[in-house]
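Q: Below is the sequence, then the predicted model.
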Amino acid sequence: MVVSPILGRKRYRNHPSTGVWGRNRSPEDQPAFTEALVSGRSAMATLGPMTSTSRSALRLSLAATAVGALCATTLFAAAATAAPAANPSGKSISVTLAGTHATGIFDASAAEIPAFDATTDTLFVVNAESGAVDVLDLGADGVPVHRDTLSVAGSRAADGSTVDEGAVVNSVAVSGGILAVAVEAEDKVQHGWVLFYATNDLAYLGGVRVGSLPDSLAFTPNGAYVVVANEGEPADDFSSDPEGTISVISVPKNRNQFGRLDQSSVRTVDFRAYDEGTPLPDGVRVFGPDVAVPEGHETVGYTARNLEPEYVTIDATGRTAYISVQEANAIAVVDIKSASLTDLWALELTDWSVDGKLDASDRDSGINLRNWPVHGVPMPDGIATYRFRGQDLVVTANEGDAREWGDFADVRRAGHKSITLCEDAFPNAAELKDNANLGRLNIITDLGYNAEGACYNELYAFGSRSFSIYTADGERLFDSAGQFEAKIAELIDAGELPAEAFNSNHSEGPSFDKRSDDKGVEPEAVAIGAIQGRTYAFIGLERIGGVMIYDITDPRAAFYVDYVNNRDFSVAYDEDGGDWAAAGDLGAEGLVFVPANQSPTGEALLVVANEVSGTTSVFEVTPTR
């Protein structure tokens, strides 16, 4: 197993005395409180004096034996929650920092979503703070260098509308020398735009109007279509709620044909059928105030307004798009050729009483990984697809997201006086509501409530602090459950991460354990890449930062490979000041994998855009043997 975290902004071999904890530092060099924090962990108390590696191996052995016995004759095994101990291929990868571009803008979403154009060796990175796209050259050394800024304001679309000055860029995608840009209107409930540019000279080619708040977009592999998730968030005061939709745009074959682009090139997929008699699939969450659409919009039903498409991924054939509908905890499936919704399925929950362990409190004075009577609701943000034995698989980064607009909020701490736990379901309710246990955990207020008893008989938390792999029709094959938090704790045990890293926050440092009460490491984004016949998932962690890397070649037995993080956890900063620039990368938001045959360095690349630090880092990903 290869573990090579990049914890500071410089590589260890050149800077062995940077003060950043890493593989060249002994555990004795760490702050004295590390041992006390880790020794406070109660998760494995019943196993006796075993090492963390032994405890993990024991859990692994039991889980792997059970799964193998039940599923040996099927194409897909039942969902696994623990990984094999070793890589059966004997191969692995090394991830090293090539370079970073820094905008110098802190906590303002100055680097969000990256896209790479292999025809010009150019990175396009969403800079939401400036309402523009940063254009970065990528040379043979892999170091990103700022060349230009692409502003979208004033662009005229095919329907005659003009992009307003306060418009916000949300996403970018590239195919065949064409850049597509998703643009949110200054008044976010109004319809947005998708604009097209040539990647070689940044010439504006044309644009079309799409739904409210276009949040993500993707090209089909052949470049013939762009699929857009129009989130349709409510107004900030929840006075109106636009329809959530998915746009399918027919794209001209080359830049010379963009004169043919007009509004008829856009087809819209909606969820109106669920207000017209089609049963909503079990587990798809529809909730919150029933308010009107914005003035001037077509009137639609409650469900069509409530569902909010978040992120788009498209399968390798270019026939099918999968779209996360985050707050609803669902995946929408769209047939691209017909621009029709073919499926909508809910994601499976993580049962924290059996499926892995988590630290649920920021006031328990240590790392306290244990089972709790709580369900994690995945609510993925970023998703990706890959093929296994001729079938589409969907990989989800299970972030979780609350809805808080105006006076409405679907989140409250479990220990709040308004949260009553049903005595028959929780006989130890007073103990659970203690701040060191579940009292600080943010729960979902509309789930698990027993109206007859005026109490909660189940508790549900935002996100599952994991990544998962699903079949195209929603069968879960794998869920990492508590592995991310457990792995961070193991790296702390081994002296490869400082104690401050555990469930830390991106907007302040040091911030040990600050996110345990909310969504932990907060998986945000996922990218997939193939190297030497193996398939890897790269999962960006928004709060602690960095990227977890798993081998997902066999989706039934995905396993941990590495964790990399270009962050110095010892740097003191917060929203009011401090040397945040010295902390490195903060808030991994968007990832893109560049295959070796498209890379200017000749090696595969992983690009990570970090919204809090406003940095874009490029890593080389190379096979180790």
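A: Received the coordinates, thanks. This is a predicted model, so every value here is computed, not measured. Numbers count the residues shown, from 1 in each chain.
Q: which strands and helices sit next to the helix or strand that residue 205 is a member of?
A: For residue 205, the host element (DSSP states H and E) is strand 204-212. Of the remaining helices and strands, those touching strand 204-212 by 3 or more CB pairs under 8 Å, 6 or more residues apart in numbering; DSSP states H and E are strand 191-198, strand 225-230, strand 245-250, strand 266-269. Every C-beta, even on glycine, is put in place using the N, C-alpha and C of the backbone.
Q: Of all these, which one is nearest residue 558?
A: Closest approach to residue 558 among the helices and strands packed on strand 204-212 (CB to CB): strand 225-230, 25.7 Å.
Q: what angle do the closest one and strand 245-250 make?
A: Interaxial angle of strand 225-230 relative to strand 245-250 (axes from the mean of the first three to the mean of the last three CA atoms, to 10 degrees): 160 degrees.
Q: Adjust the sequence numbering to begin at 9 for everything that follows.
A: That works, and once the first residue is 9, the last one we named lands at strand 233-238.
Q: And strand 233-238, how far out from the chain middle?
A: Between the centre of strand 233-238 and the centre of its chain there are 18 Å (CA atoms, centre = their mean, to the nearest Å).
Q: So which of the helices and strands packed on strand 212-220 is the most surrounded?
A: Greatest average neighbour count among those goes to strand 233-238 (a mean of 29), per mean count of other CB atoms under 10 Å.
Q: Now do it against strand 212-220, angle only.
A: 40 degrees.
Q: Quick one: residues contacting the most centrally placed residue in the chain.
A: Centroid check for the chain by CA atoms, centre = their mean gives residue 532 as the closest residue, at 1.8 Å. Residues near residue 532 by CB atoms under 8 Å, 6 or more residues apart in numbering: 389-390, 405, 407, 548-550, 596-597.
Q: Look at stretch 523-532 and report the distance between its end residues.
A: 14 Å (CA to CA, to the nearest Å).
Q: again with stretch 617-626
A: 9 Å.
Q: excluding its backbone neighbours, what's nearest residue 277?
A: Using CB to CB, 6 or more residues apart in numbering and skipping the chain neighbours, the partner closest in space to residue 277 is residue 254 (4.1 Å).
Q: in the sheet, who's paired with that neighbour?
A: residue 237, residue 277 (DSSP bridges).
Q: what's the answer for residue 421, then?
A: The partner residues for residue 421, given DSSP bridges, come to residue 450.
Q: Distance of it relative to residue 356?
A: Residue 421 is 25 Å from residue 356, where distance means CB to CB, to the nearest Å.
Q: Now residue 405: which helix or strand?
A: strand 399-406.
Q: buried residues in that strand?
A: Using 16 or more other CB atoms under 10 Å as the test for burial, strand 399-406 gives 400-406.
Q: How far off centre is the next helix or strand after that strand?
A: Counting by DSSP H and E, the next helix or strand C-terminal to strand 399-406 is strand 412-413. Distance, stretch centre to chain centre, for strand 412-413: 21 Å (CA atoms, centre = their mean).
Q: Give the pairing partners of the next helix-or-strand element following strand 412-413; include direction for each.
A: Next helix or strand after strand 412-413 toward the C-terminus (DSSP H and E): strand 416-417. Note on strand 416-417: by DSSP bridges, its sheet partners are strand 412-413 (antiparallel).
Q: Surely the residue nearest to residue 277 and residue 237 touch.
A: Yes. Counting by CB atoms under 8 Å, residue 254 does reach residue 237; the two are 6.0 Å apart.
Q: Overlap of the contact sets of the two?
A: 317, 320, 331.
Q: with the residues you listed in mind, which one is nearest to residue 207?
A: residue 320 (19.9 Å).
Q: Check the gap between the closest one and residue 572 for me.
A: Taking CB to CB, one finds residue 320 at 26 Å from residue 572.
Q: okay, now residue 633: neighbour count?
A: 9 (other CB atoms under 10 Å).
Q: now residue 438
A: Residue 438, neighbours per other CB under 10 Å, totals 11.
Q: Assumed it was part of a helix.
A: Yes. Per DSSP: H, G, I helix; E, B strand; the rest coil, residue 438 lies within a helix segment.
Q: which ones are touching it?
A: Counting by CB under 8 Å, 6+ apart, there are no residues that residue 438 touches.
Q: Read off the pLDDT value for residue 193.
A: Per-residue confidence (pLDDT) for residue 193: 97.
Q: same question, the one 4 residues further on
A: Per-residue confidence for residue 197 comes out at a pLDDT of 98.
Q: One more: residue 619?
A: pLDDT, residue 619: 96.
Q: can you check the one 4 residues further on too?
A: What the model reports for residue 623 is a pLDDT of 98.
Q: for it, which residues make a bridge with it?
A: Taking DSSP bridges as the rule, residue 623 bridges to residue 110, residue 618.
Q: hang on, the earlier thing: can you lay out the helices and strands packed on strand 212-220 as CSV showing distance to residue 292?
A: Below are the helices and strands packed on strand 212-220 laid out as CSV (distance: least, CB to CB, whole Å):
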stretch, distance to residue 292
strand 199-206, 25
strand 233-238, 16
strand 253-258, 15
strand 274-277, 16
